[in-house]
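Asker: for reference, the sequence and a predicted model appear below.
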Amino acid sequence: AKYVYSWGAGKADGNGTMKPLLGGKGANLAEMGRIGLPVPAGFTISTEVCTYYYDNKRTYPAALQAQIAAGIGKIEKIMGVTFGDATRFPLLVAVRSGARDSMPGMMDTILNLGLNDETVIALERATQNPRFAWDCYRRFIQMYGDVVLGVQKRAGEDHEPFETVLETYKDETYGNGHLEDNKLTADDLKTIIDRFKALVKERTGKAFPSDPWQQLEGAVSAVFGSWMNDRAIVYRRKYNIPAEWGTAVNVQAMVFGNTGDESGSGVAFTRDPATGEKVFYGEFLLNAQGEDVVAGVRTPEAVAELAKQMPKAYKELDRIRKVLETHFKDMQDFEFTIQDGTVYMLQTRNGKRTGVAAVRIATEMVKEGLIDWKTAVMRVPADQLDQVLAPIFDRVAVKKANVIARGLPAGPGAASGEIYFNADRAVEAAAKDKKVLLVRVETSPEDLRGMIAAEGILTARGGVSSHAALVARQMGKVCVCGAAALHVDYNKRTLTVDGTVYNEGDWLSIDGTAGEVYAGRIETGASEVIQGLVENDAEAKKGRTFKNFVQLMKWCAEGTRMTVRTNADTPEQVRNALAFGAVGIGLTRTEHMFFEGDRIDAMREMILAESLEARQEALAKLLPYQREDFFGIFKELKGYPATIRFLDPPLHEFLPNSGDQQKDLAKKLGIPVEKIQQRVHDLHEFNPMLGFRGCRLGIRYPEITAMQARAVFEAAADANKKGYKAKPEIMIPLVGFKKELDLQVEVVHEVARKVQAERKTTINYSVGTMIEVPRGALTADEIAQTAEFFSFGTNDLTQTTLGMSRDDSGSFLPPYEELEIVKKNPFATIDQTGVGALMRIAVEKGRQTRKDIKLGICGEHGGEPDSVKFCDAIGLDYVSCSPFRVPVARLAAAQAAL
Ligand code: PEP
Ligand code: MG
């Protein structure tokens with residue numbers, strides 16, 4: 001079998017389509033090699049080897065070693081250098097991980113591999129640059145010692161042991177432990193190397209390996225091993241990357257950005273990843289290796305500066321930037337090194353971008369003719385569309401606020417929170433429902449948990465491609481980085497800016513679009529899109545983001561098969577949802593209409609009533625409320641259909657539970673409190689979510705159904721009279737038996753006949769049911785004889801299929817996700833194998849009986865992209881979700897159809 005894929009000299013074994021096998025980095029290095037971009041020669045060890053490694057107790061296929069040797073042989077031939085050569089310029093290699101999807105900073109890398117006491121002398125002689133040669137060797141021992149040999153911080157140590165050695169030396173020799181590394185001489189470095197080696201010997205009991213082949217073997221194992229390190233596992237869980245994918249390992253000839261002032265390393269984007277603007281964007285460090293840029297150790301300069309400092313190299317990079325976009329037809333994020341004036345490409349990949357940038361780049365690339373509109377729709381990750389709707393600071397409040405520092409705008413949006421200086425404490429505070437800003441000097445992958453928990457991230461050091469910036473962008477977190485005026489003291493837990501001290505727990509606000517830091521808490525407000533669409537603000541409608549968003553939604557409308565409705569209980573919610581493009585209501589939860597004001601009293605009176613008369617008296621009070629609500633909704637809907645779900649109150653949500661509530665109600669109803677206590681006691685349920693819910697209420701008390709039907713039909717008649725064309729679709733909840741539906745539908749039709757006769761009008765209505773218990777799904781053929789439509793109530797269908805209470809799942813689901821018993825929270829993303837199987841059955845059986853039965857979903861899953869795609873796959877006609885999720889659902893629905 002072939003495990004090793006080489007590239008170099010304009011040829012490659014692999015290509016850009018082979019990401020599953022070669023990983024993202026390996027496949028694109030091959031592709032860049034193929035199209036003649038300047039890539040140093042190298043090879044990829046495939047992800048199959050990673051899988052083999054973990055399936056076979058961390059061992060390798062027998063054929064691998066020879067293939068690696070042949071791979072090195074090819075690099076030697078192309079580059080004209082030899083691995084382990086102690087006489088001339090030796091071949092040094094970089095060993096890097098590369099999974100199918102990039103996992104920035106999560107796995108290990110080793111640079112300058114191949115150096116030892118002999119080859120370092122050869123390198124020194126060949127380059128006539130002793131400082132450079134010994135600096136490479138110093139870096140190599142440090143990286144290899146840390147990553148491969150595990151010489152790392154132990155419990156109780158404050159610093160990495162190699163850093164301690166380095167600082168101690170600088171302090172002894174120059175009286176300054178923080179002297180910059182590039183001030184050290186070759187002789188300094190030689191002494192430091194001796195101390196590093198002694199440290200390795202002391203910590204591992206073995207000498208540092210000097211044989212380059214042995215070094216290579218160790219590095220390859222370390223990279224495969226890093227696939228299972230803690231932070232890689234946390235990252236995979238967050239982004240749903242399966243562990244089976246594995247990582248590839250890339251071995252590539254080193255080029256050097258640290259040979260002098262004609263050299264450097266950088267990271268660049270073909271467009272601005274924060275805003276999407278078409279500008280050459282990025283940063284570089286003179287006389288540095290790539291890791292220095294990403295690590296945020298020195299603050300890099302903007303790529304535009306390169307035009308002044310190295311005009312030829314800049315021109316070449318700008319040419320490559322254009323080649324990359326025309327070839328890959330997407331915004332690229334690439335790494336380069338300039339060695340003595342010559343540009344080399346080390347990596348390219350589709351650049352991570354903010355939601356705002358994704359929308360802008362996709363729409364502008366269509367205008368430029370690079371991609372077609374369908375590709376543009378596919379390009380915007382549906383779950384990122386939320387960012388376009390993300391809050392911004394209130395315009396008035398922010399004018400009064402005080403800017404205390406500026407940094408780089410690394411993740412757009414506005415965030416306000418209490419500051420925390422460490423990830424654990426940030427997580428703790430967030431768990432107590434506090435709004436948290438994570439403030440760090442710079443972030444590293446260890447901070448990931450804290451970043452996930454925080455509203456926003458603020459750092460004092462590092463550039464737009466630093467770890468903090470990359471991760472924030474991907475998570476859609478608000479982020480300001482490199483705000484140099486901040487002085488963070490981790491020990492005292494303080495942040496000092498211009499002499500003012502902020503303590504942990506104090507409020508700050510950050511604007512990740514402008515890169516500004518404000519003292520105190522600032523109210524956040526709606527985004528441009530919300531202002532334009534929902535508030536109809538003329539100024540907002542002129543904005544670029546608004547226009548791009550509207551264009552994207554137009555394409556979605558063209559590409560979609562399913563329509564998107566909304567779950568709404570009030571006219572205002574309907575208005576918002578229609579502004580986002582919803583074409584009707586998929587679920588009105590009528591019981592929600594009784595949470596307001598004193599309506600709850602009439603509702604309680606109805607629930608507590610002991611006789612038909614008493615109940616009818618209470619119902620008579622509820623009727624006008626309902627009629628008024630329905631009228632408001634019909635009016636707002638402008639002729640779009642409204643699925644109105646009849647009462648489904650989990651009783652415990654409505655019963656007056658506390659003594660005070662009971663006393664109040666007793667007073668209002670003029671009955672003794674004991675009586676109420678007795679009734680509440682009678683109605684108490686052990687499993688209220690599986691109790692007196694849904695149509696069970698209407699079966700027991702048909703007068704409730706009759707009242708609701710009357711309210712709907714009278715409101716519809718009123719609306720029709722005013723020209724609003726009401727289209728009620730009455731939906732009976734929690735049906736498991738055809739007979740349940742039959743009985744309820746009879747009541748509905750009976751009232752319909754009466755109201756139509758009374759009002760001398762016809763009403764355009766239909767009656768259907770929710771499919772939300774397994775028996776309903778399994779007998780859908782019978783139920784469809786009566787039901788004109790089905791709407792999947794996946795909240796209850798998940799609860800009842802899994803036998804997991806939707807109210808209590810929070811207490812036992814987290815370990816289920818951690819142990820991967822469930823891939824994702826089934827209450828957020830449809831469990832396709834279990835719940836999904838029941839849905840497929842119901843769809844098939846429903847259509848068997850009634851060919852044109854209308855099918856939709858109204859559980860919370862209706863606004864979650866993966867679930868929306870599943871609904872398309874099983875042939876539903878529409879999805880329904882909360883108003884602010886409508887754009888996300890529309891995009892996901894269009895993507896599913898294209
Ligand atoms: C459902 O069960 O999915 C549903 C939409 O109804 P509710 O959430 O009101 O029970
Ligand atoms: Mg339900």
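Answerer: Arrived safely. Ligands and ions are numbered 1, 2, ... in the order given.
Asker: just give the number of residues close to the residue in the stretch 201-350 of the chain that ligand 2 sits nearest to.
Answerer: Nearest residue of the stretch 201-350 of the chain to ligand 2: residue 240, at 26.7 Å (C-beta to the ion). No exception for glycine: its C-beta is placed from N, CA and C like everyone else's. Neighbours of residue 240 under the rule other C-beta atoms under 10 Å: 11.
Asker: and the pLDDT for it?
Answerer: You'll see residue 240 listed with a pLDDT of 82.
Asker: surely residue 862 forms part of a helix?
Answerer: Yes: per DSSP: H, G, I helix; E, B strand; the rest coil, residue 862 lies within a helix segment.
Asker: go ahead and confirm it touches residue 566.
Answerer: No: using C-beta atoms under 8 Å, residue 862 makes no contact with residue 566, being 9.1 Å away.
Asker: now do the residue nearest to the spatial centre of the chain against ligand 1, distance only.
Answerer: Geometric centre of the chain, nearest residue: residue 475, 4.7 Å, by C-alpha atoms, centre = their mean. Using C-beta to the nearest ligand atom, to the nearest Å, we find residue 475 at a distance of 28 Å from ligand 1.
Asker: roughly how far apart are that residue and ligand 2?
Answerer: According to C-beta to the ion, to the nearest Å, residue 475 stands 31 Å off from ligand 2.
Asker: residues in contact with that residue?
Answerer: Contacts for residue 475 (C-beta atoms under 8 Å, 6 or more residues apart in numbering) come out as 411, 451-452.
Asker: redo that, cut-off 10 Å
Answerer: Going by C-beta atoms under 10 Å, 6 or more residues apart in numbering, residue 475 touches 238-239, 384, 411, 448, 451-452, 454, 457.
Asker: can you give me the domain boundaries for this protein?
Answerer: Domain assignment for the chain by automatic domain parsing gives 48-253, 264-350, 390-525, 562-598+607-649+693-897.
Asker: weakest of those in terms of mean pLDDT?
Answerer: Note on those: lowest mean pLDDT is at domain 390-525, with a mean of 87.
Asker: what about that domain, start to end distance?
Answerer: 9 Å (C-alpha to C-alpha, to the nearest Å).
Asker: residues of stretch 548-567 that come out buried?
Answerer: Going by neighbour count (16 or more other C-beta atoms under 10 Å), the buried part of stretch 548-567 is 548-549, 551-553, 555-556, 559-560, 562-567.
Asker: which of these fall within strands?
Answerer: 563-567 (DSSP state E).
Asker: save the contacts of residue 475 as JSON lines, and put in distance to residue 815, neighbour count and secondary structure too.
Answerer: As requested, the contacts of residue 475 are exported to JSON lines (distance: C-beta to C-beta, whole Å; neighbours: other C-beta atoms under 10 Å; DSSP: H, G, I helix; E, B strand; the rest coil):
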{"residue": "238", "distance to residue 815": "16", "neighbour count": "14", "secondary structure": "helix"}
{"residue": "239", "distance to residue 815": "20", "neighbour count": "11", "secondary structure": "helix"}
{"residue": "384", "distance to residue 815": "29", "neighbour count": "23", "secondary structure": "helix"}
{"residue": "411", "distance to residue 815": "31", "neighbour count": "30", "secondary structure": "strand"}
{"residue": "448", "distance to residue 815": "20", "neighbour count": "21", "secondary structure": "helix"}
{"residue": "451", "distance to residue 815": "23", "neighbour count": "23", "secondary structure": "helix"}
{"residue": "452", "distance to residue 815": "18", "neighbour count": "17", "secondary structure": "helix"}
{"residue": "454", "distance to residue 815": "24", "neighbour count": "29", "secondary structure": "coil"}
{"residue": "457", "distance to residue 815": "28", "neighbour count": "30", "secondary structure": "strand"}
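Asker: hang on, isn't residue 828 packed against residue 810?
Answerer: No: the criterion here is C-beta atoms under 10 Å, and residue 828 misses it with residue 810 at 11.7 Å.
Asker: what lines up beside the one helix or strand residue 856 maps to in the sheet?
Answerer: Taking DSSP states H and E as the definition, one finds residue 856 inside strand 854-857. Each strand paired with strand 854-857, and its direction, by DSSP bridges: strand 789-792 (parallel), strand 878-881 (parallel).
Asker: tell me if the next helix or strand after the first one is near ligand 1.
Answerer: In the C-terminal direction, the helix or strand that comes right after strand 789-792 (DSSP H and E) is helix 794-802. Yes: using C-beta under 6 Å from any ligand atom as the criterion, contacts between helix 794-802 and ligand 1 involve 794-796.
Asker: so which of these is the closest to residue 431?
Answerer: When those are compared for distance to residue 431 (C-beta to C-beta), residue 795 wins out at 24.5 Å.
Asker: surely that closest one meets residue 773?
Answerer: No: using C-beta under 10 Å, residue 795 is not in contact with residue 773, being 11.5 Å away.
Asker: residues in contact with residue 672?
Answerer: Contacts of residue 672 (C-beta under 10 Å, 6+ apart): 666, 678.
Asker: excluding chain neighbours, what is closest to the closest residue to ligand 2 within the stretch 501-650 of the chain?
Answerer: Going by C-beta to the ion, ligand 2 is nearest to residue 648 of the stretch 501-650 of the chain, at 6.1 Å. Nearest residue to residue 648, sequence neighbours excluded (C-beta to C-beta, 6 or more residues apart in numbering): residue 733, at 4.1 Å.
Asker: list the contacts for that neighbour?
Answerer: Neighbours of residue 733 in contact, by C-beta under 10 Å, 6+ apart: 587, 589-591, 645-648, 693-698, 744, 769-770, 772-773, 791, 793, 796.
Asker: in strands only, show me the residues you listed.
Answerer: 587, 589, 645, 769-770, 791.
Asker: is it true that residue 129 touches residue 287?
Answerer: No: counting by C-beta under 10 Å, residue 129 does not reach residue 287; the two are 11.3 Å apart.
Asker: tell me how many other residues crowd residue 687.
Answerer: Residue 687: 9 neighbours (other C-beta under 10 Å).
Asker: and for residue 431?
Answerer: Per other C-beta under 10 Å, the neighbour tally for residue 431 reads 10.
Asker: same deal with the one 4 residues further on?
Answerer: Each residue near residue 435 was counted by other C-beta under 10 Å, and the total is 15.
Asker: ok, residue 160 next?
Answerer: 15.
Asker: cool, and residue 888?
Answerer: So residue 888, with other C-beta under 10 Å, has 25 neighbours.
Asker: now the helix or strand encompassing it against strand 563-567, angle please.
Answerer: Under the criterion of DSSP H and E, residue 888 resides in helix 886-897. With axes from the mean of the first three to the mean of the last three C-alpha atoms, to 10 degrees defining the directions, helix 886-897 sits at 150 degrees from strand 563-567.
Asker: that's a strand at residue 399, yeah?
Answerer: No: using three-state DSSP, the secondary structure at residue 399 is helix, not a strand.
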